[in-house]
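A.B. asks: just coords:
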């Protein structure tokens, strides 16, 4: 889901990673689901930077 939102915002891995103060490699791992130990603060910052709404999050939860 994060990758989709990033692409919708027309942002690169590097741009989002810089705004979230993480490496682009860690962001790539988070997007691919291979990095499961992301800090809560990092996830909050990603949601903020990518402007993901509560409605979007609830929709994702319902789909699973």
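C.D. replies: Received, thanks. Not measured: the values here are computed from a predicted model.

A.B. asks: let me know the average pLDDT across stretch 53-64.
C.D. replies: Averaging pLDDT along stretch 53-64 yields 81.

A.B. asks: hmm, who's touching that stretch?
C.D. replies: Residues outside stretch 53-64 that contact it (C-beta atoms under 8 Å, 6 or more residues apart in numbering): 1, 5, 47. C-beta here means a position set from N, CA and C on the backbone, and glycine is covered the same way.

A.B. asks: cool, and stretch 15-25?
C.D. replies: Residues contacting stretch 15-25 (C-beta under 8 Å, 6+ apart): 6, 13, 14, 26, 27, 42, 45, 46, 49, 50.

A.B. asks: now do the contacts for the fourth one.
C.D. replies: Going back to what we said before, that points to residue 26. 17, 35, 38.

A.B. asks: hmm, the last one is touching residue 32, no?
C.D. replies: It refers to residue 38. No - counting by C-beta atoms under 8 Å, residue 38 stays clear of residue 32, with 12.0 Å between them.

A.B. asks: between those two, tell me which one has more neighbours.
C.D. replies: residue 38 (15 against 10; other C-beta atoms under 10 Å).

A.B. asks: phi first, then psi, for the residue nearest to the more buried one when sequence neighbours are not counted.
C.D. replies: Setting aside the residues directly before and after it, residue 38 is nearest to residue 30 in space (C-beta to C-beta, 6 or more residues apart in numbering), at 5.3 Å. Dihedral pair for residue 30: phi -60, psi -50, per degrees, to the nearest 10.

A.B. asks: counting neighbours, what do you get for residue 30?
C.D. replies: Count around residue 30 with other C-beta under 10 Å applied: 22.

A.B. asks: and what of residue 6?
C.D. replies: 19.

A.B. asks: check the secondary structure at the nearest residue to it once chain neighbours are set aside for me.
C.D. replies: Excluding the flanking residues, the one nearest residue 6 by C-beta to C-beta, 6+ apart is residue 16, at 5.6 Å. Classification of residue 16 using DSSP: H, G, I helix; E, B strand; the rest coil returns helix.

A.B. asks: just give me the neighbour total for residue 16.
C.D. replies: The number of residues packed near residue 16 is 23, by other C-beta under 10 Å.
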